[in-house]
Structure formats: C-alpha cells, structure tokens
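Asker: Model the structure of this input:
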Amino acid sequence: MSRPRLTIGTFGEISVQRTPGRKLEARARYRDWDGKTRLVQATGDSLKSADRALRSKLADRTLFQSSTSILAPDNPFGDSVTYWLEHLDLEDRLSRTTRLLYERNMRALVTPAFGDLTLRGIGVARCDHFLKPLAKQSYNRAKQARVVLRLALGLAVRHEVLLRNPMDHVSRLHRPPHVPDALTPAEVNAIRLAIAYWEAGRSPSGPKPDGQLGAIVEVMLGTSGRIGEVLAIRRRDIDITGAPPSIRIAGTIVSHRGEPTARQDHPKTAK
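Answerer: Coordinates of the predicted model:
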C-alpha cells in the first residue's frame, strides 16, 4: 500500500539519526506550495534540540512560500526591485515620467540601504530605522522612498512571497511646518525689469535672448501654471473672446532620458 500523500504545507513523520560529526540530525518530508515534496533537515546537540530546530525550520517554511518561481523570500532585495519594475511595465498604468521617477527613487534612495538584504530580512524595525534619519535630512526624499518601498514590498505580499508588508506598520512621517513664499509686487517688478534688461541685449552674460522669456513669465504669473504646462500651451487653448479671456492648461512638456523633448497631452495632475 502506497504512503498517503501529504497535504500542501504539511510535513510527515520526523526521524532522527546521528551524523558523522556526532550531532543529531532531524529529518522530515515537507510538501511545498508548488506541490513537490522535499526533505527538510536540521541538526542539534540533543534529540530535543534537533527536533526543535527542525520544527522551527518547518514553521518558517510554512509562513514564507512563494507562488512564483521567479522570486522567493531568500532572494536579494535587488531581485525584488527588478521584479517590481518589470511588473510596472507589464501593467503599463503609469506615465513614463512617473515610471522613471519611481525607478530613480528606488535606485538612489532605497537600494543602497537594502541592497545587501534578502526579502526575508526586511522587517518593520529596519524600515523604520531607514526612514527616520532620511526624514531628518529631507521630508520629501523620505516620502518618495516610502512610496516605492511600500509598492515593491506590497507586490511581494500580493504574489505570496512575503506574509505581510512591513511598511504598513512603520511610524508616520511628519511634514515640517512650511510657509509658502509668495513674491511681493516689488519682487515681481524687479524680475520684469531684469528680463527687459536682458532681452534688450544689455547683459553680457547668458544665452542670446529670443524675446519669449517675458511672455512666458507673464503667463506663469497670470495662470499659476508650471513652466512645462505654460510651454505646452497651443493657439487653440487660448480664448481671447471670452469674458474674461481664458487659457486652457491641457498638456505639459516632458524630457525623458535619451529621448527628444516632447509635448504630453495631459498636465502633471488632473487639477
């Protein structure tokens, strides 16, 4: 009669034998999440310690089993970054600018701190200790690092590589108090005078003026548009017959690495 098949996530009878080094080795067959049965073993100085070590190893194996053969809990963090970026490209829901920004933030801010760790070794405390010093240097950098780290580890949870996302339990980042700087009328007039002086060809430094800068600045002052959005305004976006006249912000200028500058058919945000 054949041996009954183990249920996925369970192990069979534990056996113990002495190794050539005089230690005791506990063994058991374990059926992994991929359906394959593998031999798991652990050693100890006594029967109890070997049994305890094996059961701990089996319990750990139960908690962390990947449903993908590409990524596993013991893979380096860099592998999970590659896996996450490939998944972003597969979903294709982000704008190219945001996709490149996520990759840049991950490579520059997060990977240097986590590159030598496995996924299994990244816990709440480690994430917390990473973000707090970074937030003291720059709140914005810490916020950007938190976003990409949460997304990458969240994908590992959804694909059953990790049991939980440690970023769900880190302490909140507190934005430092900030009072926006608004230009005074005197400062605005000083900027206008400087532009007029340069466009008249009186300034010996800087590029040769082409007569556009003054108009660009006036539109930015009048619309609160970003520089890229103002540069993307077309004739059909301007209505001078209305009361009052209006400009429609419906695009922005983007410059991707290795590609020519181009107009994007929507602004940075819906607002």
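Asker: Run a quick neighbour tally on residue 246.
Answerer: Using other CB atoms under 10 Å, residue 246 has 12 neighbouring residues. Quick note: C-beta positions are derived from backbone N, CA and C, even for glycine.
Asker: give the contact list for residue 99.
Answerer: Residue 99 is in contact with 88, 89, counting by CB atoms under 8 Å, 6 or more residues apart in numbering.
Asker: could you point out the longest helix in the chain?
Answerer: In terms of residue count, the longest helix belonging to the chain (DSSP state H) is helix 139-158.
Asker: could I get the helix or strand that comes right after it in PDB with only the CA atoms?
Answerer: Downstream of helix 139-158, the first helix or strand assigned by DSSP states H and E is helix 185-199. What follows is helix 185-199 as a C-alpha-only set of coordinates in PDB (Å, rounded to 0.1, in the frame of the first residue of the first chain):
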ATOM      1  CA  PRO A 185       4.800  93.200  -6.000                       C
ATOM      2  CA  ALA A 186       8.300  94.800  -5.700                       C
ATOM      3  CA  GLU A 187      10.000  91.400  -6.400                       C
ATOM      4  CA  VAL A 188       7.700  90.800  -9.400                       C
ATOM      5  CA  ASN A 189       8.600  94.200 -10.800                       C
ATOM      6  CA  ALA A 190      12.300  93.500 -10.200                       C
ATOM      7  CA  ILE A 191      12.000  90.300 -12.200                       C
ATOM      8  CA  ARG A 192      10.300  92.100 -15.000                       C
ATOM      9  CA  LEU A 193      13.000  94.800 -15.100                       C
ATOM     10  CA  ALA A 194      15.800  92.100 -15.200                       C
ATOM     11  CA  ILE A 195      14.100  90.300 -18.100                       C
ATOM     12  CA  ALA A 196      13.600  93.500 -20.000                       C
ATOM     13  CA  TYR A 197      17.300  94.500 -19.400                       C
ATOM     14  CA  TRP A 198      18.400  91.000 -20.700                       C
ATOM     15  CA  GLU A 199      16.000  90.900 -23.700                       C
END
